[in-house]
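Quick one: sequence and predicted model below, then my questions.
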Amino acid sequence: MAATLELTPQEAAAKLKASNQAVLIDVREPEEFAFARIEGSELVPMQSVPAELQRLEALADEKELLVMCHHGVRSLQVVQWLREHEVGNCFSVTGGIDRWSREVDPSVPRY
């Protein structure tokens, strides 16, 4: 049985609201993040994830890592890579920030 790798934007939003149990990691590029971002999210561009592994691992010991990109492709790749490196407490947000904007918070710009 495969472990769940993904959460819906609604599930992610509920976890973020629930007493500081999760942190949103945005793996898009800085210019994407500058255009559209979710309040409280932390930018860790995809290619910098390996260099941030120890920090992300420590963060995952404290909270769930909810990983987001534009449409959910890069974030799923990052979550799969993190799981391969023994970081189990992480999930990709399906549909990325685009789906988040459509289903959770329409004030987030779409592009």
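Perfect, I can see it now.

Run through the bridge partners of the residue most central in space within the chain.
In the chain, the residue lying closest to the centroid (CA atoms, centre = their mean) is V67, at 1.4 Å. Beta-bridge pairing for V67 (DSSP bridges): I25, S92.

Low-confidence ranges, the protein, go.
Within the chain, the segments meeting pLDDT under 70 span 1-3.

returning to that earlier point: does the residue nearest to the centre of the chain touch N89 like I think?
No - using CB atoms under 8 Å, V67 is not in contact with N89, being 11.1 Å away. Bear in mind the C-beta positions are built from the backbone N, C-alpha and C, glycine included.

is it fair to say Q47 lies in a helix?
Yes - counting by DSSP: H, G, I helix; E, B strand; the rest coil, Q47 is found in a helix.

now the strands for this structure?
Here the chain has its strands, by DSSP state E, at 6-7, 22-26, 42-43, 64-68, 90-93.

Looking at these, which is nearest to E52?
Ranking those by proximity to E52 (CB to CB) places strand 22-26 first, at 9.1 Å.

residues in contact with that closest one?
Strand 22-26 is touched from outside by 12, 15-16, 33, 37-38, 40-44, 56, 59, 63-69, 78, 93, 97, with contacts defined as CB atoms under 8 Å, 6 or more residues apart in numbering.

quick check: longest helix of this structure.
Across the chain, the helix with the greatest residue count (assigned by DSSP state H) is helix 73-84.

Taking strand 22-26 as reference, get the angle to that helix.
120 degrees (axes from the mean of the first three to the mean of the last three CA atoms, to 10 degrees).

And helix 73-84, what does it pack against?
helix 53-62, strand 64-68, strand 90-93 (3 or more CB pairs under 8 Å, 6 or more residues apart in numbering; DSSP states H and E).
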